[in-house]
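1. Provided below are the primary sequence and the corresponding predicted coordinates.
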Amino acid sequence: MFAVVRTGGKQYRVAEGDVITVEKIAGEAGDSVSFDDVLMAGEGADLKDTKGLTVSGEIVEQGKGEKVVIFKKKRRHNYRRKNGHRQMLTQIKITGIGGAKKKAAPKKAAAAKTEDGETAKAAPAKKAPAKKAPAKKTAAKTTTAAKKAPAKKAPAKKAAPKAETKTDDKDA
């Protein structure tokens, strides 16, 4: 049986017993993980319904990928920049395909036993007193704003006429 799962923005085709390398997932070696985002599952040409389907796995190792070198250069401008990056990766061994999603159990009424052996119900949460709405002043503000006339701008100054330059008309 195989499944296609999505994690870290990528899709992986997995089968039980496969070891895949994905982008970093929180956890230590030996921790179990489950992928709820199953895109497709089936066996051969038969496809299964993926609603409520999960893929479970176990973290094998946390590590780093190969170094990627980024080098930028602009010729004839003495511009060179060298940078590098190593992606954090997690190796996961797929332990099972097809486990149904477990719904969260509804919370039962909290009943804790006291020293006397009696059960005590949880105290109801105290609600904060409701705050009174401030007096409506918006109506007063709008009426005063409507009464005031908009401020007048000073008239723009006109440019002074250019002084005419006298030229010698000796050649004429």
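-> Great, that's in hand.

2. pLDDT weak spots in the chain?
-> Along the chain, the model assigns pLDDT under 70 to residues 100-150, 165-172.

3. what are the ranges of the helices in it?
-> 138-147 (DSSP state H).

4. wouldn't residue 86 be in contact with residue 68 here?
-> Yes - counting by Cβ atoms under 8 Å, residue 86 does reach residue 68; the two are 7.5 Å apart. Yep, even glycine has a C-beta here, placed from its N, CA and C like the rest.

5. could you list everything residue 5 pairs with in the sheet?
-> When bridges are called by DSSP bridges, residue 5 pairs up with residue 12, residue 38.

6. contacting residues around residue 21?
-> Contact analysis of residue 21 by Cβ atoms under 8 Å, 6 or more residues apart in numbering lists 65, 89, 90, 91, 92.

7. with residue 84 instead?
-> So residue 84 contacts 67, 68, 69, 70 (Cβ under 8 Å, 6+ apart).

8. the same query, at a cut-off of 6 Å, please.
-> Going by Cβ atoms under 6 Å, 6 or more residues apart in numbering, residue 84 touches 67, 69.

9. distance of it from residue 70?
-> Shown here: residue 84 relative to residue 70, a distance of 7 Å by Cβ to Cβ, to the nearest Å.
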